[in-house]
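> here is my input; please provide its structure:
(chains A and B)
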Amino acid sequence: MLSMSRSSGHRPFVAVSGGVDSLLALCLLREEGRSPEALHGFFLPPGEREITLRDELASVCSRLGIPLHTYDFSREFHSRVITPFLEQYARGVTPNPCALCNRRIKFGLLLDAARELGGDALATGHYARVTPEPALYRGLDPAKEQSYFLALLTREQIAQAIFPLGTWRKEEAKKALHDRVGPPPASGESQEVCFIPDNDYRRFVREHVEVLPGPGPILDSSGRRLGEHSGLYRYTLGQRRGLGIPYSEPLYVLKKDLENNTLIVGTRDELGARECTVREMNYLLRPQDWPETVFVQGNYRQEPREAVAYLSGDRAEVRFPRPAQPPTPGQVMALYNEDGRVLGGGIISE
RNA sequence: UGGGGUGUAGCCAAGUGGUAAGGCAACGGGUUUUGGUCCCGUGAUUCGGGGGUUCAAAUCCUCCCACCCCAG
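Have a look, this model is predicted:
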């Protein structure tokens, strides 16, 4: 049976961001009779904004009678999340910093911190479920479920994870937190890339990467020149907006030819893909135990697609019965069984 | 400077007397702990320019301009 949290974790630590979900996770654990403590890490160099948030968090924790431990992980966050993010864009692939952050920072550094404090588990406010096996499952709220972003967590990390909100619905969570502690310190925050305040990743990349490939041709699938692109890092597979090409119908990015600095575009019916390669496979279930048919997601909130996965070490070949939106290189591919269990995940290869 | 054709928003384009469709692009918003996708919304007091006919013209007449094609 699925339980909302693991039997271990008598002394759980909770990674609190200041938002609704992590604070509610904290409250719920305590209501279970455990003695949770809160961890808060700065991911960005602590400025006025970060300090204010920390102080408000401290105030909330104090009211709840829960210890709060604060860490400055801004340097590590930069080297382990932001730098790879920039490198990937510069290379022409499309990174997923949140998935990386979950693996390297939240269930990396914050989990380490918890263990150093004598803890044996880390809870977060993710909408996903874990079982003692350990196994990772989708959260119950289909509108909010976040297992996709956790697909790169190792079995060891999952074994120490607690997701108290896995069976919750977002609306209920908001109300529940409000009833317990009132509005959270970080209410109404935007949900985009946390280290790009204005959410303009193109500008961010341009300002942080010294040498970027410049403009080049935009061709259709038959080689006809339709226009000029302003740097391949500004486009991603399947992208429609920003091409600036008047045509009889919408055009989408079919391919990024990095060798020739060329963007290949085409109509929607040219967009389908039947297979893709996933590298850096992370197995949450032994390959020999996988079912014939799996369900894969190449991005958050994508309808899971039926597929067959051919596993081979750290690589997987994924084939789709019918063509659909092309998997984007650099993005996380999460693979599930029909019950919503995460079998594994990896990075879509170029 | 003989003949023919075309000229409607950034691009394509419907409309041939009754008071400017549509598509693409662009922009704005919504959805969203990544990028993208998707959804919604926004455009021409005006139809290359002037004059005329008419109650009424992008649609008819006329002159001019621009571009294209065929002839020299």
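
> need phi/psi at the residue of chain A most remote from its centre.
For chain A, the largest distance from the centre (C-alpha atoms, centre = their mean) belongs to A:R224, which lies 37.0 Å off. Recorded main-chain torsions at A:R224 are phi -80, psi 140, according to degrees, to the nearest 10.

> okay, it: pLDDT?
pLDDT, the model's per-residue confidence, is 91 for A:R224.

> state the distance from it to A:R63.
Separation of A:R224 from A:R63 (C-beta to C-beta, to the nearest Å): 66 Å. C-betas here are computed from N, CA, C, even on glycine.

> what do you get for A:R341?
In this view, A:R341 and A:R63 are 38 Å apart by C-beta to C-beta.

> who has more neighbours out of those two?
More neighbours sit around A:R341 than around the other of A:R341 and A:R63, counting by other C-beta atoms under 10 Å; the figures are 20 against 10.

> pLDDT at the more buried one, what is it?
According to the prediction, A:R341 has pLDDT 97.

> what's it in contact with, if anything?
By C-beta atoms under 8 Å, 6 or more residues apart in numbering, the contact set of A:R341 is A:135-138, A:284-285.

> go with 10 Å
For A:R341, the residues meeting the contact criterion (C-beta atoms under 10 Å, 6 or more residues apart in numbering) are A:2, A:129, A:131, A:133, A:135-138, A:147, A:284-285, A:291, A:335.

> for A:Y71, same thing?
Taking C-beta under 10 Å, 6+ apart as the test, what A:Y71 contacts is A:39-43, A:109-110, A:112-113.

> quick one: secondary structure of it?
strand (DSSP: H, G, I helix; E, B strand; the rest coil).

> tell me what it is bridged to.
Taking DSSP bridges as the rule, A:Y71 bridges to A:G41.

> name the single longest helix found in chain A.
Among the elements of chain A assigned as helix by DSSP state H, the one spanning the most residues is helix A:48-64.

> avg pLDDT for that one?
Here the average pLDDT along helix A:48-64 is 92.

> check whether it contacts RNA strand B.
No - taking C-beta under 7 Å from any atom of the strand as the criterion, helix A:48-64 and RNA strand B are apart, separated by no less than 14.5 Å.

> before we move on, the earlier item: okay if I get the contacts of A:R341 as CSV plus neighbour count, distance to A:I51 and secondary structure?
Formatted as CSV, the entries for those read as follows, by neighbours: other C-beta atoms under 10 Å; distance: C-beta to C-beta, whole Å; DSSP: H, G, I helix; E, B strand; the rest coil:
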residue, neighbour count, distance to A:I51, secondary structure
A:L2, 15, 39, coil
A:R129, 26, 34, strand
A:T131, 15, 39, strand
A:E133, 13, 41, coil
A:A135, 19, 39, strand
A:L136, 30, 34, strand
A:Y137, 20, 37, strand
A:R138, 21, 36, strand
A:S147, 26, 33, helix
A:L284, 23, 38, coil
A:L285, 18, 43, coil
A:P291, 15, 49, coil
A:L335, 28, 41, strand
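
> may I have the host helix or strand of A:K174 exported as CSV, CA atoms only?
In the assignment (DSSP states H and E), A:K174 maps to helix A:170-181. Below are the C-alpha coordinates for helix A:170-181, written out as CSV (Å, rounded to 0.1, in the frame of the first residue of the first chain):
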residue,chain,number,x,y,z
LYS,A,170,-3.1,22.2,-4.1
GLU,A,171,-6.3,24.0,-3.2
GLU,A,172,-6.6,22.0,0.0
ALA,A,173,-3.0,22.7,0.8
LYS,A,174,-3.4,26.4,0.5
LYS,A,175,-6.4,26.4,2.8
ALA,A,176,-4.7,24.0,5.3
LEU,A,177,-1.7,26.2,5.6
HIS,A,178,-3.7,29.3,6.0
ASP,A,179,-5.7,27.7,8.8
ARG,A,180,-2.4,26.8,10.5
VAL,A,181,0.0,29.6,10.1
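
> show me where chain A dips below the pLDDT cut-off.
Scanning chain A with the threshold set as pLDDT under 70 gives A:1-10, A:187-191.

> so where do the helices sit in it?
A:20-31, A:48-64, A:74-77, A:83-91, A:97-101, A:111-116, A:155-159, A:170-181, A:201-208.

> so who does A:L271 touch?
Taking C-beta under 10 Å, 6+ apart as the contact definition, A:L271 lies against A:237-238, A:240, A:251-254, A:265, A:323-326.

> do I have it right that A:S62 meets A:L68?
Yes - contact criterion C-beta atoms under 10 Å: A:S62 and A:L68 qualify, at 7.8 Å.
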